[in-house]
Each structure stands twice: as structure tokens, then as C-alpha cells.
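Peer 1: Just the structure for this:
(one chain, ligands or ions: 2)
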Amino acid sequence: MMNYQQLAEKFWQNGFLVCADFFDENLMARLDRNIQQYFGDDPGFRHEKEFLEKSKTEVIPWFPQNSELEDFSTSLARPFDQLESDARLQQLTQALLGEGWGSLYSMVMFSKRGSSGQAWHQDCPPENPARFNLNRLIYTRDLNDHAGGQTLVVPGSHRMGVLPTGNPTEDLDEQVILRPRRGMLILLHGHTWHRVLPMSTGVRYSTNFRACPEGTPANITDISVYRNMRYQFSTSSVIEER
Ligand SMILES: O=C(O)CCC(=O)C(=O)O
Ligand SMILES: [Fe+2]
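Peer 2: Ligands and ions are numbered 1, 2, ... in the order given. Okay, here's the model as predicted:
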């Protein structure tokens, strides 16, 4: 039996929480197959070129539960629906965010072999500590140390305001390396400074069920903060050079 309150305290202390073996192997295998079926081996990039270059971010997103998108498929979406309704995931989310929390959307991120991962960022502006998204990241396959693709975080940085300017991908003194494994759940506060290391071998999938506290605007993740800019996704534009 999980002690959700204790886990929530740990999350609020560090700005992230790692739960190994949270999800069932078989469900993870199904999800992984669906992701593989959707992307194939060599999908094209979908973000604007300027974003890819300046953000030092090379991921291809898929929104598997969004039925308004052209590529929506009920059968590909089903295991994502099942994951989202997991009672333990919901209780843990409630312990973290309180009554009235809501789901934002789910997003799968694909990184090619040899791709640069993601530069240091915050998913949304940190100026108002009460306005944030929660990433609920799920990994459907192991990434060994040679593969790359580890997730780096700075503990406690969800309370340290805006990510300092500087080299978008350099090591930061306080960084901690998280090693994704099949079935792992990582809960990550959107203000926590985080990045993803380059992929050297193999491909990387991560699935993110984004959620937020009650009263959060639905477009909370429209603007993300990098060390060299603030970027707005809805207008595909750099809104601040840093
Ligand atoms: O894929 C990951 O491990 C982290 C992705 C990320 O930065 C995010 O979902 O906001
Ligand atoms: Fe992020």
C-alpha cells in the first residue's frame, strides 16, 4: 500500500518524484508497441525549424488521445485511456495537486537515435508559483546508460524562480540524473529545471500525462522557458531572447 501523503511531501520538497515499477509490464509492452506502430522507424520533425535549432530540442510529439486530430485512432488510444484512469495514478495526483485537479493532455515524445534530447527548460513561466503544470511521465522501455536519453533535474529548483541564462545544455552543479526504466513513473513539477540527454543508441519514447491544479488556465504550457529564450508554441515564436 502506497503512502500517498509521504510521496507528496517528497515531491514538494524536491520538485520531482520517481516511482520505479509503478505500471504493469504487459500494459507497458502494449503501449510501447502502439507507439512504435504510430511513429515507425524514422518519423519527420513537426516543430518549426527555428524552435528546433534555438531550443536544442529534437523531439517529435504525438497526442494519442486527442480525437480532433487527423491521425487519431481509437485502438492506438485505448491503452493510454487505461493508463490515465489508473486509480493509483489518480490518487497520487490528487495527493500532489489537491481536490479539483484536472488533466491537460497526453503527449508522447519520440527521440531519434543520435538526436540531441532536450535543452534545460521549464515547461511554463515560473513567476507565479501557484500556476504550473505537472508532468506525469511514463516510460515503456529501459534506457541503459550507453543509450543516453536520461532525464536531468535540479532538485528544489521549482522554488528557485526562472532558469538562469547561459549555455542551453551545459552541466549544472546541482543536477541529478534520472534513469528511465520500463514501468517507471516520474512526476515532475513544470517549474523544475529539467533537460533530456542526447540519444546515442536506439530510440527514446516518453509518455506524458500532463495535469494541473484547479483553476489553472488550459494554455499553461503554451510558453516554455529556455536558458536563451522564452518560446510560445501557439504562435511558433520566440517571445523573449535571453
Ligand atoms: O521525456 C522526459 O523525460 C522529459 C520530457 C519533458 O521535458 C516534459 O515532458 O516536459
Ligand atoms: Fe519539459
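Peer 1: Most proximal residue of this protein with respect to ligand 1?
Peer 2: residue 206 (3.4 Å; C-beta to the nearest ligand atom). From N, CA and C alone the C-beta is placed, and that goes for glycine too.
Peer 1: isn't that residue right up against residue 181?
Peer 2: No: when contacts are counted by C-beta atoms under 8 Å, residue 206 is not listed as touching residue 181 (11.8 Å).
Peer 1: Identify the contacts common to these two.
Peer 2: Shared contacts of residue 206 and residue 181, defined by C-beta atoms under 8 Å, 6 or more residues apart in numbering, are found at residue 139.
Peer 1: more crowded one of these two?
Peer 2: residue 206 (25 against 16; other C-beta atoms under 10 Å).
Peer 1: For the more buried one, name its beta-bridge partners.
Peer 2: residue 109 (DSSP bridges).
Peer 1: ditto for the one 4 residues further on
Peer 2: For residue 210, the beta-bridge partners under DSSP bridges are residue 105.
Peer 1: from here on, count from 41
Peer 2: From this message on, residue numbering opens at 41, which makes the last subject residue 250.
Peer 1: Help me confirm that it comes into contact with residue 261.
Peer 2: Yes: here residue 250 reaches residue 261: they are 6.7 Å apart, a contact under C-beta under 8 Å.
Peer 1: Identify the contacts common to those two.
Peer 2: What both residue 250 and residue 261 touch, as defined by C-beta under 8 Å, 6+ apart, is the set 144, 173.
Peer 1: hang on, isn't residue 181 packed against residue 246?
Peer 2: No: applying C-beta under 8 Å as the test, residue 181 and residue 246 come out as separate, 9.9 Å apart.
Peer 1: Pull the distance from the helix or strand bottoming out on mean pLDDT in the chain to the chain's centre.
Peer 2: Within the chain, confidence by mean pLDDT, DSSP states H and E is lowest for helix 89-95 among all helices and strands, at a mean of 72. Relative to its parent chain, helix 89-95 has a centroid offset of 18 Å by C-alpha atoms, centre = their mean, to the nearest Å.
Peer 1: Equivalent analysis for stretch 52-63, please.
Peer 2: Per C-alpha atoms, centre = their mean, the centroid offset for stretch 52-63 relative to its chain is 13 Å.
Peer 1: contacts for that stretch?
Peer 2: By C-beta under 8 Å, 6+ apart, stretch 52-63 touches 47, 50-51, 123, 126, 128-129, 132, 136, 178, 193-199, 218, 221, 223-229, 231-232, 234.
Peer 1: Excluding sequence neighbours, find me the nearest residue to residue 50.
Peer 2: residue 57 (5.7 Å; C-beta to C-beta, 6 or more residues apart in numbering).
Peer 1: and the one you found, how far is that from residue 241?
Peer 2: Note on residue 57: its distance to residue 241, by C-beta to C-beta, to the nearest Å, is 28 Å.
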